[in-house]
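A.B. asks: compute the structure for the input listed below.
(one chain, ligands or ions: 4)
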Amino acid sequence: MADLGTLVRFSALAFVAFSLRIDATAAARDDDDDGAAFRAGNSAASPPAATAKDVRYLLYDVNPPEGFNLRRDVYIRMASLLKTLRKRGDWVLVLPPWGRLYHWQSPDIHQVRIPWGEFFSVTSLQANVPVVEYDEFIAESGGPFIDRIFVLQNYAEGWTDGKWEEKVDERPCIERLMYTKDKQNYYRGWFWGYDETRGLNVSCLSAQGHASIMAEFLQENTTATSVMLDRAETLLHDHYAGKDYWDTRRSMVFAKHLRIIGDEFRAKYLNSTDEKDKTVYSEDWTRMRVKLGSATGGPYLGVHLRRKDFIWGHRDDVPSLKGAVKKIQSLMKKHKLEQVFVATDADDEELGQLKLMLPEMVRFEPTWEDLELLKDGGVAIIDQWICAHARYFFGTSVSTFSFRIHEEREILGFDPKTTYNRFCGDSEAECEQPTHWKIVY
Ligand SMILES: Nc1nc2c(ncn2[C@@H]2O[C@H](COP(=O)(O)OP(=O)(O)OP(=O)(O)O)[C@@H](O)[C@H]2O)c(=O)[nH]1
Ligand SMILES: *[C@@H]1O[C@H](CO)[C@@H](O)[C@H](O)[C@H]1NC(C)=O
Ligand SMILES: *[C@@H]1O[C@H](CO)[C@@H](O)[C@H](O)[C@H]1NC(C)=O
Ligand SMILES: *[C@@H]1O[C@H](CO)[C@@H](O)[C@H](O)[C@H]1NC(C)=O
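C.D. replies: Ligands and ions are numbered 1, 2, ... in the order given. Have a look, this model is predicted:
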């Protein structure tokens, strides 16, 4: 048996207090107290005591099989749409509760109706666009009813004449509707585990184009106060990697307790602290602007090794475990790093093999109690946070999990050479490396 004693455990229980304080309602009130940016129901221009009668709510949801990190990307598209809508009205974005994600498979822990505040700093999100958690929406709008639901879909006929144009049209539903009418003529469906929520009207919209093409339709063709766009991933980015994209991305600051747990882990097991590694983080993302190359990162190699569905398809661009370990060892030598932190979704069998082949690897392994507190989503964020602080990072081909780490490192100010790297498949001698997307401030 290899020495597994080097594999570290870490208890997050000390931080229970933090997560108990995460309460988006409180966050919104704090915001109000310092008269800052936005609060739902009050546009920047209206006095704080104004009634909220003109507020309109934009809700959205994503195709159920999509993972956490693609959903983060869809949030950016919806924030762009919201900014466009706000040029002509007091719109607020309702954060779709997290839950029932395919990849969140830890048994026996309850993973539905999770508010965004458990994973992200809601006050940070609010400094970009006005957002409310779903519970607040219910409280503010007077009940769990959504006036209008549009299920987005493509055009049945595809692109006409092979020409791409941006357009939106009410059309018959192409797929079977995932909502059913009950005896009272209300629509029931999956509303993030809120069983009492009903939709008053559901119809389908064929849409192709960037997210903001929806603005005119929502302003002119419906007067509903609350409008939900289902299958929101149908819409594209207004401008991928442009200023608006990066503003929203930068506002997606991880929840404080997750960052603290990640930082404690770095300090304890990886000899990594912000001062020493030049990764000092500003709580206020609007002030976080550092030069590329200024961050050095902790003295360890950070690796994201995506497995599960990425290997089931026998993809050519994903290495075998053996191939990955070989690469990791050569990278450690090349960059003179004695430690390696591995983030992975490998199953128990592969993990066992990995531990035998790479006994020195460091992993963040939560106890059951930690997991119950942090959830699969929180553990994944901590993995990303630790990878984001490594001196050198190596990811998996076309994994959105790896892409989000790239962005985090870009925000922290790492030299792109240390970030945009990925494993090649065993049969590839060389492979195309990820694209460097520069922040537009
Ligand atoms: N803790 C942890 N979880 C991981 C890791 N890699 C993948 N996962 C889990 O698997 C899910 C799937 O990976 P994502 O990349 O987020 O999923 P996705 O949006 O479907 O994107 P793809 O990776 O492109 O499939 C993640 O959301 C995590 O729940 C990892 O290194 N650590
Ligand atoms: C939904 O709204 C449309 C447009 O306002 C209307 O024509 C239709 O009758 C409504 N359907 C239901 C079930 O209320
Ligand atoms: C709104 O509806 C009308 C009538 O169906 C349609 O002609 C118009 O194009 C729609 N506007 C938008 C922005 O989709
Ligand atoms: C941690 O890193 C510093 C240099 O940054 C080094 O002097 C020290 O020996 C390291 N500690 C351990 C335990 O490796």
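
A.B. asks: pretty sure Leu235 contacts Ser80?
C.D. replies: No - counting by CB atoms under 8 Å, Ser80 is not a contact partner of Leu235; they are 9.1 Å apart. No exception for glycine: its C-beta is placed from N, CA and C like everyone else's.

A.B. asks: identify the contacts common to those two.
C.D. replies: Common neighbours of Leu235 and Ser80, using CB atoms under 8 Å, 6 or more residues apart in numbering, are His210, Ala211.

A.B. asks: Ser397: which element?
C.D. replies: Using DSSP states H and E, Ser397 sits within no helix or strand.

A.B. asks: what residues are up against it?
C.D. replies: Contacts of Ser397 (CB under 8 Å, 6+ apart): Arg315, Asp317, Val318, Arg422, Phe423, Cys424, Gly425, Cys431.

A.B. asks: switch the cut-off to 6 Å
C.D. replies: For Ser397, the contacting residues are Asp317, Arg422, by CB atoms under 6 Å, 6 or more residues apart in numbering.

A.B. asks: how close does it sit to Asp317?
C.D. replies: Distance, Ser397 to Asp317, using CB to CB, to the nearest Å: 4 Å.

A.B. asks: for ligand 1, what's the nearest residue on the stretch 101-250 of the chain?
C.D. replies: Closest approach of the stretch 101-250 of the chain to ligand 1 (CB to the nearest ligand atom) occurs at His103, with a separation of 3.5 Å.

A.B. asks: OK, contacts around Pro319?
C.D. replies: Contacts of Pro319 by CB under 6 Å, 6+ apart are Phe423, Gly425, Asp426.

A.B. asks: among these, the buried ones, what's the ChimeraX command?
C.D. replies: Selecting only the buried entries of the contacts of Pro319 in ChimeraX, with 16 or more other CB atoms under 10 Å as the criterion:
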select :423,425
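
A.B. asks: got the contacts of Pro319 as CSV, with pLDDT, distance to ligand 3 and secondary structure columns?
C.D. replies: Formatted as CSV, the contacts of Pro319 follow (pLDDT from 0 to 100; distance: CB to the nearest ligand atom, whole Å; DSSP: H, G, I helix; E, B strand; the rest coil):
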residue, pLDDT, distance to ligand 3, secondary structure
Phe423, 97, 45, coil
Gly425, 96, 45, coil
Asp426, 95, 50, coil
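
A.B. asks: okay, the contacts of Pro319 in TSV with distance to Val131 next?
C.D. replies: Formatted as TSV, those follow (distance: CB to CB, whole Å):
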residue	distance to Val131
Phe423	36
Gly425	40
Asp426	44
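
A.B. asks: now, which of the contacts of Pro319 sits nearest ligand 1?
C.D. replies: Closest to ligand 1, out of all of the contacts of Pro319 and judged by CB to the nearest ligand atom, is Phe423, at 12.9 Å.

A.B. asks: chain neighbours aside, what residue packs nearest to the closest one?
C.D. replies: Spatial nearest neighbour of Phe423, chain neighbours left out: Pro319 (4.7 Å); criterion: CB to CB, 6 or more residues apart in numbering.

A.B. asks: state whether that neighbour is indeed within a strand.
C.D. replies: No - secondary structure of Pro319 (DSSP: H, G, I helix; E, B strand; the rest coil): coil, not part of a strand.

A.B. asks: please shift the residue numbers so they start at 31 in all later answers.
C.D. replies: Understood, numbering begins at 31; the last thing we discussed is Pro349.

A.B. asks: and the gap between it and Thr190?
C.D. replies: For Pro349, the distance to Thr190 - CB to CB - is 43 Å.

A.B. asks: now do the contacts for Gly327.
C.D. replies: Asp307, His419, Ala420, Arg421.

A.B. asks: now, which of those lie within helices?
C.D. replies: Asp307 (DSSP state H).

A.B. asks: okay if I get the contacts of Gly327 as TSV plus pLDDT and distance to ligand 3?
C.D. replies: Shown next, in TSV, are the contacts of Gly327 (pLDDT from 0 to 100; distance: CB to the nearest ligand atom, whole Å):
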residue	pLDDT	distance to ligand 3
Asp307	98	50
His419	98	46
Ala420	98	47
Arg421	98	51
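
A.B. asks: Ala237 contacts Val198, doesn't it?
C.D. replies: Yes - assessed by CB atoms under 6 Å, Ala237 is found in contact with Val198 at 4.7 Å.

A.B. asks: neighbour count: those two, which is higher?
C.D. replies: Counted by other CB atoms under 10 Å, Ala237 and Val198 do not tie: Ala237 has more neighbours, with 26 against 20.

A.B. asks: look up phi and psi at that one.
C.D. replies: phi -140, psi 140 (degrees, to the nearest 10).

A.B. asks: which stretches of the stretch 31-180 of the chain have low pLDDT?
C.D. replies: The model of the stretch 31-180 of the chain has pLDDT under 70 over residues 31-83.

A.B. asks: let's see it at 50
C.D. replies: Residues of the stretch 31-180 of the chain meeting the criterion pLDDT under 50: 31-80.

A.B. asks: any chance you could map the strands in it?
C.D. replies: 86-90, 121-125, 161-163, 175-176, 178-183 (DSSP state E, counting those that start in this stretch).

A.B. asks: paired strands for the second one, with orientation please.
C.D. replies: Sheet neighbours of strand 121-125, with direction, are listed as strand 86-90 (parallel), strand 161-163 (parallel) (DSSP bridges).

A.B. asks: and the angle for the longest one with strand 178-183?
C.D. replies: Following axes from the mean of the first three to the mean of the last three CA atoms, to 10 degrees, one obtains 40 degrees for the angle between strand 86-90 and strand 178-183.

A.B. asks: flag every buried residue along strand 86-90.
C.D. replies: Neighbour-count burial for strand 86-90 [16+ other CB under 10 Å]: Arg86, Tyr87, Leu88, Leu89, Tyr90.

A.B. asks: residues of the chain that sit close to ligand 1?
C.D. replies: 96-100, 133-134, 334, 336, 373-375, 406, 409-410, 413, 429-431 (CB under 6 Å from any ligand atom).

A.B. asks: filter these to the buried ones?
C.D. replies: Going by neighbour count (16+ other CB under 10 Å), the residues of the chain next to ligand 1 have 96-100, 133-134, 334, 336, 373-375, 406, 409-410, 413, 429-431 buried.

A.B. asks: I'd like the average pLDDT over stretch 241-256.
C.D. replies: Per-residue pLDDT values over stretch 241-256 give a mean of 96.
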